[in-house]
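[1] no sequence on this one, just coordinates:
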C-alpha cells in the first residue's frame, strides 16, 4: 500500500536545521520509503539537506508519503512531530 497525508507546519520558525535533524533522526531506522513534497518538489525524508531545502515555512502544507513495510508506524512518528510543533513551542 502507500500512505499519503498533508500536514501543516505549525511551529513559527518553520522546518529549519533543528526540526529537520529531529525528523531525520526520528525516521532513520524505518525501512519504508519516506518522501516529503511541497510545491511539486519531492525529496527523500531521510535526507537532512533535502528536508532543509524544501523551505517549509510556518503555515506551509507538506505532503508526506510513506511506502513500505513499516509505513504506518513511520507516518505516526512524523505526524507526532508535526503536531508537537517539533517541540519548539
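    Now that the structure is in, tell me what you want to look at. Since the structure is predicted, the reported quantities are computational estimates derived from the model, not experimental observations.

[2] Give the bridge partners for residue 63, please.
    Per DSSP bridges, the residues bridged to residue 63 are residue 6, residue 37.

[3] That one: how many residues sit nearby?
    The number of residues packed around residue 63, counting by other C-beta atoms under 10 Å, is 14. Just so you know, the C-beta spots here come from the backbone N, C-alpha and C atoms, and that holds for glycine as well.

[4] Roughly how far does it sit from residue 51?
    13 Å (C-beta to C-beta, to the nearest Å).

[5] Show me the common contact partners of these two, please.
    Contact with both residue 63 and residue 51 is made by residues residue 36, according to C-beta atoms under 8 Å, 6 or more residues apart in numbering.

[6] What are the boundaries of the strands in the protein?
    3-8, 33-38, 41-44, 61-67 (DSSP state E).

[7] which of those sits most buried?
    strand 33-38 (a mean of 19; mean count of other C-beta atoms under 10 Å).

[8] All set now, cheers.
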